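>>> how would this look folded up:
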Amino acid sequence: MDLVLKLRELRNLRGLSQKDVARRSGVGEKTISSFETGQRTGTMKLSQLGKLLAIYGVTEEQFFSRAIEELFDPDAISRRSREEQLIAGLQDLPVDARNALLERFELMLDSAQTVRRPAAGSIRLATPRPPLRRTPASAT
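Below you'll find the predicted structure:
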């Protein structure tokens, strides 16, 4: 999906007219129109794009990600597997949030790998690990 279509679709998705966006962003209405028709995309300044994206509630990182394109293509999400959706969502998160979730996921994987599956098909946990902290023994 190209820049022109993304800008137009984001504006429409937010229910805004070009006049509304111009008033809120400080970017001229004719300028917005020329961006959305593709007449002036080559002369668009990053500051202008930033102002428009702020009005649409989208970061530059989100704007240039796959997630935005899928926002306008409802069939795209249904074509992807659950795992792909999770990975795409993870990749679109800020780095700190992504790392925190990855650490938790690694802990869950580690826990799941300690599960043994006996012949009957029931699940039994392996020998429990010792507690991380030990309380000091009280003197009597």
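>>> dihedrals phi and psi, the most centrally placed residue in the chain?
In the chain, the centroid-proximal residue (Cα atoms, centre = their mean) is residue 92; its distance is 3.1 Å. Backbone torsions for residue 92, taken as degrees, to the nearest 10, come to phi -80, psi -10.
>>> remind me which helix or strand the closest residue to it other than its chain neighbours belongs to.
In space, and not counting its chain neighbours, residue 92 is closest to residue 67: 5.0 Å by Cβ to Cβ, 6 or more residues apart in numbering. Backbone N, C-alpha and C define where each C-beta goes, glycine included. Take DSSP states H and E as the rule and residue 67 turns out to sit in helix 66-71.
>>> number of nearby residues for residue 112?
Using other Cβ atoms under 10 Å, residue 112 has 8 other residues around it.
>>> can we start the residue count at 35 from this point?
Yes, from this point I'll number from 35; that puts the last item at residue 146.
>>> still on that earlier bit, ok, the residue nearest to residue 126 - contacts?
122-123, 126 (Cβ atoms under 8 Å, 6 or more residues apart in numbering).
>>> how near is it to residue 143?
Residue 101 sits 25 Å away from residue 143, going by Cβ to Cβ, to the nearest Å.
>>> surely residue 48 touches residue 87?
No: at 11.2 Å, residue 48 does not count as touching residue 87 under the criterion of Cβ atoms under 8 Å.
>>> of those two, who's got more company?
More neighbours surround residue 87 than the other of residue 48 and residue 87, with 19 against 13 (other Cβ under 10 Å).
>>> what does the helix or strand that one falls within contact?
Element membership of residue 87 [criterion: DSSP H and E] is helix 80-90. Applying Cβ under 8 Å, 6+ apart, the contact partners of helix 80-90 are 41, 44-45, 47-48, 50, 55, 58-61, 65-66, 69, 93-94, 97.
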